[in-house]
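K.L.:
next comes the sequence, and after it the predicted model I'd like to discuss.
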Amino acid sequence: MAPKAIIAPSILASDFGNLSSECSNVIKEHGADWLHIDIMDGHFVPNITIGAPVVTCIRGSVERSADWSKGVFDCHMMVAEPQKWLEDFKKAGCDLYCFHYEAAVTSKDPAVSPSQLIKNIHALGMKAGVAIKPDTPADVVYPLLDGDVEKPDMVLVMTVEPGFGGQKFQARCMPKVAALRERYPELDIEVDGGLGLGTIDQAAEAGANVIVAGTAVFGAESPGEVVKMLRGTVEKCLSK
Ligand SMILES: O=C(CO)[C@@H](O)[C@H](O)COP(=O)(O)O
């Protein structure tokens, strides 16, 4: 199936004091396709955000107020032990569990390889994403996407060092997106970090179809307009 344009605002840039209304509004009022939820454990990255109990509350609240029972909770797991949180996040309402390749290959549990994690995620009924940091080459994910193996549903190419919102987009990551798109025309390719109206052209032209934008959406005067413009740019490139 041809990839679709998906705009996934990162709630890291929202007002955590009003998290439930921020999440409902970005879906209901501003037209977000997915909610991108950044989970940071203070080990894999030097920052701490939220865990499964908060995700459970967000899920309940958006289902009640935004009638969003089929919406996608895209959980970006910036955690040192991605295997540890699978059941908790499934129960909390996570739909897409995106772990970092770098964490999986250096995990304390040698039995947990990226391919085993993908199987475990699928066995729980979630989609699996694999994220790579700016310095990790794209070809590490090729063996996961090729051949007769259980494949990830999405690859996330980080365009900033994971850990903090509001950083500058690293255009040097675009050749990785282009290489992935050329090799995998149907793959969902997500980009995350510094995406907004000034950088979307580069990401969309390289072939990204899932756009995470935190500051650009939550910091905008008209978040709905930004969501629409980001989606329009991606759709234009996908239809070329
Ligand atoms: O994963 C991360 C940061 O680690 C991102 O999701 C950022 O939170 C995106 O924020 P902006 O750069 O769009 O503000």
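P.N.:
Arrived safely. Numbering: from 1, shown residues only.
K.L.:
could you say which helix or strand contains S61?
P.N.:
Assigned by DSSP states H and E, S61 belongs to helix 52-65.
K.L.:
export only the CA atoms of that helix, formatted as CSV.
P.N.:
This file holds the C-alpha atoms of helix 52-65, laid out as CSV (Å, rounded to 0.1, in the frame of the first residue of the first chain):
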residue,chain,number,x,y,z
ALA,A,52,2.6,4.2,31.3
PRO,A,53,0.3,5.5,34.1
VAL,A,54,0.2,8.9,32.4
VAL,A,55,-0.3,7.4,29.0
THR,A,56,-3.3,5.4,30.4
CYS,A,57,-4.8,8.7,31.6
ILE,A,58,-4.3,10.4,28.3
ARG,A,59,-5.9,7.5,26.4
GLY,A,60,-8.9,7.6,28.7
SER,A,61,-9.3,11.3,28.4
VAL,A,62,-9.0,11.6,24.6
GLU,A,63,-11.4,8.7,24.1
ARG,A,64,-13.9,10.4,26.2
SER,A,65,-13.5,14.0,25.0
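K.L.:
now the element after it, going C-ward?
P.N.:
Next in sequence after helix 52-65, counting helices and strands by DSSP H and E, comes strand 72-78.
K.L.:
and that following strand, average pLDDT?
P.N.:
Strand 72-78 shows a mean pLDDT of 97.
K.L.:
which is the next helix or strand following that strand?
P.N.:
Counting by DSSP H and E, the element after strand 72-78 in chain order, helix or strand, is helix 86-92.
K.L.:
what strands line up against the helix or strand just after that following helix, and which way round?
P.N.:
Using DSSP H and E, the next helix or strand after helix 86-92 towards the C-terminus is strand 96-100. Strand pairing for strand 96-100, determined by DSSP bridges: strand 72-78 (parallel), strand 127-132 (parallel).
K.L.:
show me what the longest helix along the chain is in contact with.
P.N.:
Counting by DSSP state H, the longest helix found in the chain is helix 223-238. Here helix 223-238 makes contact (CB atoms under 8 Å, 6 or more residues apart in numbering) with 2-5, 7, 9, 25-26, 29-33, 195-197, 200-201, 204-205, 207-209, 211, 213, 216-217, 220. (Glycine included, C-beta is placed from N, CA and C.)
K.L.:
picking up where we left off before, just name the most buried of the strands paired with strand 96-100.
P.N.:
Ranked by mean neighbour count, the strands paired with strand 96-100 are led by strand 72-78 with a mean of 24 (mean count of other CB atoms under 10 Å).
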